[in-house]
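A.B. asks: next comes the sequence, and after it the predicted model I'd like to discuss.
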Amino acid sequence: MFCKQLVWPGLRKFVNITGVAVLSMFLAGGCATKEEAPIPPRPVEVGKAIVKDVPVYIDSFGTMAVINNIDIVSQVTGKVQEAHFQEGDNIQAGGLLFTIDPSEYKARLDKAEAALQQDVVDLKLKRDIMERNKPLVEKNLISQQDFDQFQTDVNVSQARVDVDKAEIELAKINLGYCNIYSPVDGLTGKRLVDPGNIVTANSGPVLVNIKTVDPLYIDFTVSEANLIKARQAMAKRKLTVEITPPEAEDKIYDATLQFLNNTVDNTTGTIALRAIVDNKKRELWPGQFVNIRLILETEKNALLVPYEAVSLGQQGSYLFVVTKDNKADLRTVTTGLLQEDYVVVETGVKEGETVVTEGQMGLAPGVTVVITTDQDQVKR
């Protein structure tokens, strides 16, 4: 390129020799090419692409539910004499809860036993009479009709004895109902009836509620779209369910899937599932909201990168790989499920490659990078 080509016609007649020299110097300076400054290395933090076995899962949420939820009601009518527990007690199956005044039922038992004794004596008398008259009827000294009446009297007396025995059993049952015992191991709720109140048999009020808190059910739902995957996994093995309370995300409780409901809820497009979890330490509570992770299977040798390395662009997910010569290499990736602080990468990265986890905003393909850490800033 020649500078004289930039001098337009007519300019020469306005300048003298000195002016030509000055103009030539000006034009020469304007024709010089300015070199671009090189892009300085970009500081980045990095992580490694690793391979490990990871679970394939469905995330959901649910609530803790009790296996037994029992309202204790009196089976006899009478006055509540005594409560034998404190509200909120852990009570064993067979533990005494309430005593209903047994006086009336004890008297009924005594009456039934006395009636039995009376009818036993009467039965013995009627049987003796029949036995004494048996030879007489054989000798035709009395009529067959009279003897049949003796036999009938014995049968009637025997029936009365049987009724008395049944009355005694019923009186014993009702007397036993005066002591109310817990049918299960569980946790007592608020006492709803105080001693001194009269309660009616089998019609309330509720005296106390008892819930079993170990083990507990976990009720949750999954989308209908996951139904086939869940059923296929259940056909192969017992599925594990991981439970995490929102207020204690560092604690994970392992449960076992119990069943899949027999219908899809058409209003929500979900299907209900239930798992069961041990709760010996009483760290989980009935009605508590929990996060759910249903483990379907384990993916062997999955490739993972730190979650912070993956960004979302117009063309999908991408990340930067640091090459051996410390250059940024842009990779489009296909991602899978999250695994704690990592994400599964199905394509785009190889095991052991170094990926950028912080500093991506200042990067472009081919840009030189310098790896830093929070503790040791590298200066170059």
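C.D. replies: That came through fine. Residues are numbered from 1 along each chain as shown.

A.B. asks: ok, and the closest non-adjacent residue to the most centrally placed residue in the chain?
C.D. replies: The residue lying closest to the centre of the chain (Cα atoms, centre = their mean) is I218, at 3.6 Å. Of all residues not flanking I218 in the chain, A275 sits nearest, at 4.5 Å (Cβ to Cβ, 6 or more residues apart in numbering). Yep, even glycine has a C-beta here, placed from its N, CA and C like the rest.

A.B. asks: residue contacts, G316?
C.D. replies: 332-334 (Cβ atoms under 8 Å, 6 or more residues apart in numbering).

A.B. asks: how close does it sit to I39?
C.D. replies: Per Cβ to Cβ, to the nearest Å, G316 is found 26 Å from I39.

A.B. asks: show me the shaky parts of the stretch 1-150 of the chain.
C.D. replies: Counting by pLDDT under 70, the stretch 1-150 of the chain contains low-confidence ranges at 1-38.

A.B. asks: so where do the helices sit in the protein?
C.D. replies: Along the chain, the segments classed as helices by DSSP state H run 17-31, 103-138, 144-177, 227-236.

A.B. asks: picking up where we left off before, just name the closest of the contacts of G316 to G204, please.
C.D. replies: For the contacts of G316, the closest approach to G204 (Cβ to Cβ) belongs to T334, at 62.2 Å.

A.B. asks: wait, isn't the closest one in contact with V349?
C.D. replies: No: T334 lies out of contact with V349 (Cβ atoms under 8 Å); the separation is 9.9 Å.

A.B. asks: could you measure from Y253 over to R293?
C.D. replies: From Y253 to R293 the distance is 11 Å (Cβ to Cβ).

A.B. asks: who's more crowded, these two?
C.D. replies: Using other Cβ atoms under 10 Å, the more surrounded residue of Y253 and R293 is Y253, with 19 against 15.

A.B. asks: quickly list what the more buried one is bridged to.
C.D. replies: I243 (DSSP bridges).

A.B. asks: give me the neighbour count for D194.
C.D. replies: Counted by other Cβ under 10 Å, the residues lying close to D194 total 9.

A.B. asks: wait, it touches V80, no?
C.D. replies: Yes: counting by Cβ under 8 Å, D194 touches V80, with 7.1 Å between them.

A.B. asks: surely the residue nearest to the centre of the chain meets N279?
C.D. replies: No: with contacts counted by Cβ under 8 Å, I218 stays clear of N279, the gap being 10.5 Å.

A.B. asks: output the helices of the chain as a markdown table; include the columns distance to V73.
C.D. replies: Shown next, in a markdown table, are the helices of the chain (distance: least, Cβ to Cβ, whole Å):
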| stretch | distance to V73 |
| --- | --- |
| helix 17-31 | 104 |
| helix 103-138 | 17 |
| helix 144-177 | 11 |
| helix 227-236 | 39 |
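
A.B. asks: that older thread, what does the pLDDT read for the residue nearest to I218?
C.D. replies: Looking at A275, its pLDDT is 96.

A.B. asks: can you tell me which residues contact it?
C.D. replies: Per Cβ under 8 Å, 6+ apart, neighbours of A275: 217-218, 220, 241, 243, 255-258.

A.B. asks: and which of those residues is nearest to A159?
C.D. replies: Distance to A159, by Cβ to Cβ, is smallest for Y217 among these, at 51.3 Å.

A.B. asks: count the residues that sit near the closest one.
C.D. replies: Neighbours around Y217, by other Cβ under 10 Å: 19.

A.B. asks: do you know how far it is from N279?
C.D. replies: Distance, Y217 to N279, using Cβ to Cβ: 10 Å.

A.B. asks: now V193, nearest residue through space, not along the chain?
C.D. replies: V193's closest residue in space is L207 (Cβ to Cβ, 6+ apart), at 5.0 Å.
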